[in-house]
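Colleague: sequence and computational prediction follow.
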Amino acid sequence: MRLVSALVLAIACSATTIASAQILGGGEDKRPDWKCPASGYFPPVYGTVGRNGGDGLAPTEVISPCTPDAVRKAADVIGMARSHGNSPLGLKSVVTAMFTAQGTYAAGGGAPTKVDHLDFHIHYGLPGARLMVTAGGKTAIRAMNDDYGWTEATEGGAATPAQAQAHDLYALTKLTPYGAMWSVIEAEGHTQVSTVGGKTVLRGTSPYDGLDVTVTLDAQSRPESVKVVDGQTTYGATFSNYRADLEPDYLFRFPKRLVWTKDGKPLADLNVTFYRTNPYVVFPVPAAIKQAANR
């Protein structure tokens, strides 16, 4: 689980040191010495960013001095690099995402079939997610929050344990540009940068989840494809037709089309019809799910 607690405390303790994390505001620049330690990881430092709706500031983790320039550039191009006032730059400004799409999806390991619509709500920081797939007028819902996984009869409704699906659903969050970038950002100095076929390739593993993530960038330094290796399972995705008009233009960029694979087989071919950056999403773990997991 990520240091979300430090982020929450940062709101109330804007000038306090919490564990090894220093909280920085928009005034005097109190940054520590920006030298990457031999470990390749820098202690978390927090700054501030503005909220899209204009309703105040939010804390964000400042870019590590260990982060490769290619990672910083890619994050900037799709809108993840933000700061406020004199606050140092952060690369994790996209914390949540929500999109609706039409196309095909393979449920339960079968062949892809046409869906009425697919809704995916994601919190990259928890991490948490809810995937709702509607086909033939019926909706199948899967949700996860950190290590817990469950299915729901309705959104937020009666829940049934589905622990084995939790990690699979989490891996799907990496099949979005922001999710993939979170991995190589969190890998910090351990992210490998290479050139393959004339394209920049970023490969890293977040210390929080252990997933091996490879991101290939297009000519504009945007994520074009991603490969995620989770144990014996390999997920893939391609992104195309990045747009700014899926929401009010806050300079975030999201692809209109996403194509997913799982172990080389088609998983989804989606055309996005609705998208929002940093919406309010919530995935409370039902009490029954916690009890079942702890038996």
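Modeller: Good, I have the coordinates.

Colleague: show me the contacts for the spatially most central residue of the chain.
Modeller: Nearest to the geometric centre of the chain sits G179, at 2.9 Å (Cα atoms, centre = their mean). Residues in contact with G179 (Cβ atoms under 8 Å, 6 or more residues apart in numbering) are 122, 124, 173. To be clear about C-beta, it is placed using only N, CA and C from the backbone, and glycine gets the same treatment.

Colleague: could you do G56 as well?
Modeller: For G56, the contact set (Cβ under 8 Å, 6+ apart) comprises G50.

Colleague: so how far is T233 from it?
Modeller: Using Cβ to Cβ, to the nearest Å, one gets 41 Å for the distance from G56 to T233.

Colleague: on that earlier part again, which among the contacts of G179 gets closest to T191?
Modeller: Using Cβ to Cβ, Y124 comes nearest to T191 of the contacts of G179, at 16.7 Å.

Colleague: now do the same contact list for the closest one.
Modeller: 92, 94-97, 173, 178-179, 182.

Colleague: picking that back up, Three-state assignment for the residue nearest to the centre of the chain, please.
Modeller: Look at G179: counting by DSSP: H, G, I helix; E, B strand; the rest coil, its state is helix.

Colleague: if I look at it, how far off is V95?
Modeller: G179 is 11 Å from V95, where distance means Cβ to Cβ.

Colleague: ditto for A180
Modeller: Distance of A180 to V95, computed by Cβ to Cβ: 15 Å.

Colleague: so between those two, which is more surrounded?
Modeller: The neighbour count for A180 versus V95, taken as other Cβ atoms under 10 Å, is higher for A180 (27 against 21).

Colleague: excluding chain neighbours, give the residue nearest to the more buried one in space.
Modeller: Excluding the flanking residues, the one nearest A180 by Cβ to Cβ, 6 or more residues apart in numbering is V226, at 4.2 Å.

Colleague: thought that neighbour was touching A171?
Modeller: No - applying Cβ atoms under 8 Å, one finds V226 not in contact with A171, separated by 10.7 Å.

Colleague: those two: who's more crowded?
Modeller: For V226 and A171, the more surrounded residue by other Cβ under 10 Å is V226, and the numbers stand at 25 against 22.
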